[in-house]
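Student: this one's structure only:
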Ligand SMILES: NC(=O)c1ccc[n+]([C@@H]2O[C@H](COP(=O)([O-])OP(=O)(O)OC[C@H]3O[C@@H](n4cnc5c(N)ncnc54)[C@H](OP(=O)(O)O)[C@@H]3O)[C@@H](O)[C@H]2O)c1
């Protein structure tokens with residue numbers, strides 16, 4: 001279907017996800033008539049390349065969404081909540097990449113290969129929520145197993161790259177590595193709770209009274225929302241000293257027998273999934289293979305000898321693309337084709 005070129009805005013354009021969005025828009029076939037880069041006062045004037053132009057970020061303010069068909073919100077949950085009504089009043093559709101609306105029953109949480117139909121609920125609030133990267137990657141990998149043999153329980157250890165904490169997480173690890181490799185004292189951490197360099201930190205986000213972190217609760221809730229509330233999902237989120245690409249070590253208990261060979265066959269066919277599984281040859285999912293790929297890589301698929309109908313697997317995805325920029329652009333395309341009244 002042909003859609004007319006869109007007037008777009010990226011709120012949070014100078015951040016890790018915002019920059020990935022601008023790059024992914026440049027690579028995508030979504031027709032762009034204009035692109036406004038919005039951020040806070042702090043980075044107003046920052047320049048980003050887009051196609052043959054150099055675009056300047058502006059501070060978001062009144063009127064920022066006038067004349068826009070669609071805005072990507074990637075400036076944190078509070079900023080999304082603060083600007084949704086302004087966008088709506090201006091007739092600008094919103095694809096929200098933050099956690100602001102993921103648990104809101106009035107807002108569809110959509111991962112295109114799994115539940116694009118849920119976009120029908122977009123009109124209610126004028127916004128669609130993009131699942132976070134760890135949720136998107138886990139849901140995409142569990143979906144074919146769930147359809148074939150019913151997932152009873154899944155538990156995942158998510159090894160999260162520092163870019164998951166934004167541009168500041170990236171700068172922090174870089175500064176620590178530079179200092180420590182020069183035998184100097186690293187700067188004290190500010191974006192992350194502890195030094196990331198040469199460390200592994202079992203905390204992503206604040207902890208609740210139940211001992212689970214915000215990220216752990218959010219991933220479990222999003223996967224259940226995407227795949228069905230009968231699923232039991234346990235998550236342990238850990239920050240590792242990698243710049244880009246989340247890895248997940250997943251244990252699955254199925255309701256019916258399937259086996260590793262049949263599971264591999266399902267992954268080979270599944271949309272949004274790439275089977276990368278030749279361990280004898282050193283081929284398995286890793287951030288160095290996943291970065292800049294829009295698929296979630298799945299490998300190390302094997303039967304779990306400790307439980308009936310159990311499988312173990314390893315996933316890896318680019319956290320700025322899968323459950324990030326690429327997913328958001330796919331949603332924008334679907335919205336433009338079917339749900340927006342483009343005059
Ligand atoms: N990082 C990931 O892997 C990932 C993946 C998917 C979704 N997300 C979600 O995407 C959102 C952004 O994450 P990020 O990693 O890109 O963070 P980030 O690197 O810290 O970037 C934040 C962006 O938001 C802007 N911003 C902050 N406060 C603002 C305000 N009050 N008004 C206008 N703009 C404001 C910042 O602009 P200034 O430069 O002016 O401060 C910057 O452009 C978060 O909600 C996150 O949960 C992150």
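Tutor: Cool, the structure landed. Since the structure is predicted, the reported quantities are computational estimates derived from the model, not experimental observations.
Student: Going along the chain, name the helices of the chain.
Tutor: With DSSP state H as the criterion, the chain has helices at 16-27, 77-89, 112-115, 133-149, 167-181, 214-227, 260-269, 287-290, 325-338.
Student: Just tell me which of these ends up closest to residue 59.
Tutor: Smallest distance to residue 59 across the helices of the chain (Cβ to Cβ): 11.7 Å, for helix 77-89. Every residue, glycine included, has its C-beta placed from N, CA and C.
Student: which parts of the stretch 51-200 of the chain sit against the ligand?
Tutor: Where the stretch 51-200 of the chain comes near the ligand, counting by Cβ under 6 Å from any ligand atom, the residues are 60, 74-77, 79, 97-99, 132-133, 163-164, 166-168.
Student: For the chain, give me the ranges with low pLDDT.
Tutor: Low-confidence segments of the chain (pLDDT under 70): 343.
Student: Residue 227 and residue 12: what is the separation?
Tutor: Residue 227 is 28 Å from residue 12, where distance means Cβ to Cβ, to the nearest Å.
Student: who's more crowded, these two?
Tutor: residue 12 (27 against 22; other Cβ atoms under 10 Å).
Student: What count of nearby residues applies to the nearest residue to residue 225 once chain neighbours are set aside?
Tutor: Nearest non-adjacent residue to residue 225, counting by Cβ to Cβ, 6 or more residues apart in numbering: residue 109, 5.3 Å away. Residue 109 is flanked by 23 other residues according to other Cβ under 10 Å.
Student: Show me the beta-bridge partners of residue 109.
Tutor: Legend: beta-bridge partners of residue 109 under DSSP bridges are residue 129.
Student: Surely it is in contact with residue 223?
Tutor: No: using Cβ atoms under 8 Å, residue 109 is not in contact with residue 223; the gap is 10.3 Å.
Student: hang on, the earlier thing: of the helices of the chain, which stretch is the most buried?
Tutor: When you average the neighbours per residue for each of those (mean count of other Cβ atoms under 10 Å), helix 133-149 leads with a mean of 25.
Student: show me the contacts for the residue of the stretch 1-150 of the chain found nearest the ligand.
Tutor: Proximity of the stretch 1-150 of the chain to the ligand (Cβ to the nearest ligand atom) peaks at residue 15, 1.9 Å away. By Cβ atoms under 8 Å, 6 or more residues apart in numbering, the contact list for residue 15 reads 39, 74, 75, 166, 167.
Student: quick one: it from residue 168, how far?
Tutor: To residue 168, residue 15 is 9 Å away according to Cβ to Cβ.
Student: Equivalent analysis for residue 184, please.
Tutor: Here the criterion is Cβ to Cβ. By it, residue 184 lies 20 Å from residue 168.
Student: ditto for residue 69
Tutor: The span separating residue 69 from residue 168 equals 31 Å under the rule Cβ to Cβ.
Student: now residue 137
Tutor: In terms of Cβ to Cβ, residue 137 sits 23 Å off from residue 168.
Student: same question, residue 87
Tutor: For residue 87, the distance to residue 168 - Cβ to Cβ - is 26 Å.
Student: just to revisit the earlier point, neighbour-wise, which one of the contacts of residue 15 leads?
Tutor: Busiest of the contacts of residue 15 [other Cβ under 10 Å] is residue 74, holding 29 neighbours.
Student: before we move on, back to that, between the contacts of residue 15, which is closest to residue 24?
Tutor: Distance to residue 24 across those (Cβ to Cβ) is lowest for residue 74, with 11.6 Å.
Student: contacting residues for that closest one?
Tutor: 10, 11, 12, 13, 15, 17, 18, 21, 97, 98, 328.
Student: now stretch 179-186, how far from the chain's geometric center?
Tutor: Mean C-alpha position of stretch 179-186 versus that of the full chain (Cα atoms, centre = their mean, to the nearest Å) differs by 32 Å.
Student: ok, and what's touching it?
Tutor: Residues outside stretch 179-186 that contact it (Cβ under 8 Å, 6+ apart) are 175, 176, 187, 195, 197, 198.
Student: can you tell me which residues contact the residue nearest to the first one when sequence neighbours are not counted?
Tutor: Distance criterion Cβ to Cβ, 6+ apart; nearest residue to residue 175, sequence neighbours excluded, is residue 187 at 5.4 Å. Contacts were defined as Cβ under 8 Å, 6+ apart; by that measure residue 187 touches 172, 175, 176, 179.
Student: Which parts of this protein belong to which domain?
Tutor: 6-130+324-338, 134-161+200-317, 167-199 (automatic domain parsing).
Student: these two touch, right, residue 156 and residue 216?
Tutor: No: applying Cβ under 8 Å as the test, residue 156 and residue 216 come out as separate, 9.5 Å apart.
Student: shared neighbours of these two, which are they?
Tutor: Residues touching both residue 156 and residue 216 (Cβ under 8 Å, 6+ apart) are 235, 236.
Student: quick one, what contacts residue 310?
Tutor: When contacts are counted by Cβ under 8 Å, 6+ apart, residue 310 touches 251, 252, 253, 254, 303, 304.
Student: Now do the strands in the stretch 151-300 of the chain.
Tutor: Taking DSSP state E, counting those that start in this stretch as the criterion, the stretch 151-300 of the chain carries its strands at 151-160, 232-239, 246-254, 273-275, 296-303.
Student: Would you format these as CSV with mean neighbour count included?
Tutor: Output for the strands of the stretch 151-300 of the chain, formatted as CSV (neighbours: other Cβ atoms under 10 Å):
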stretch, mean neighbour count
strand 151-160, 21
strand 232-239, 20
strand 246-254, 22
strand 273-275, 20
strand 296-303, 22
